[in-house]
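Asker: with the input below, show me the fold.
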Amino acid sequence: MFDTFDGLPLHPLVIHAAVVLIPLSGLLGVLYAVPRIRAWARWPLLVVSAAALGAAFVATQSGEALQRVRGYEAPTVRPRRQR
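Answerer: Model (predicted):
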């Protein structure tokens, strides 16, 4: 489901949305803290935060699907030897 979009890998497309929307929602959260701007920033903050949450979820799922398709394995961390 999260493999491709129109023949292209989905992960590089969605990761750009997450990279833009997550900091934008943080900026809107800071603007929401200002009382004069709070009424204006309420709905954009809600919409952008929901879109950022969705983009982060799809980016995670599509990244894992891309790893499976390409055959990449997660690096393993070996414990240090005790001296």
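Asker: how near is V69 to V58?
Answerer: Shown here: V69 relative to V58, a distance of 16 Å by C-beta to C-beta, to the nearest Å. The C-beta positions use only the backbone N, C-alpha and C, and glycine is treated the same way.
Asker: same drill for those two, tell me which one is more crowded.
Answerer: Neighbour count, other C-beta atoms under 10 Å: between V69 and V58, V58 has more, with 19 against 12.
Asker: now find how far off-centre the helix or strand encompassing that one is within its chain.
Answerer: Here V58 is covered by helix 38-70, with elements defined by DSSP states H and E. In terms of C-alpha atoms, centre = their mean, to the nearest Å, the centre of helix 38-70 is found 5 Å from the chain centre.
Asker: what helices or strands is it leaning on?
Answerer: strand 8-9, helix 10-32 (3 or more C-beta pairs under 8 Å, 6 or more residues apart in numbering; DSSP states H and E).
Asker: one more time with 7 Å, if that's ok
Answerer: helix 10-32 (3 or more C-beta pairs under 7 Å, 6 or more residues apart in numbering; DSSP states H and E).
Asker: find the nearest non-adjacent residue to the residue minimising distance to the centre of the chain, please.
Answerer: Geometric centre of the chain, nearest residue: A56, 2.4 Å, by C-alpha atoms, centre = their mean. Once flanking residues are discounted, A56 sits nearest to A18: 5.0 Å by C-beta to C-beta, 6 or more residues apart in numbering.
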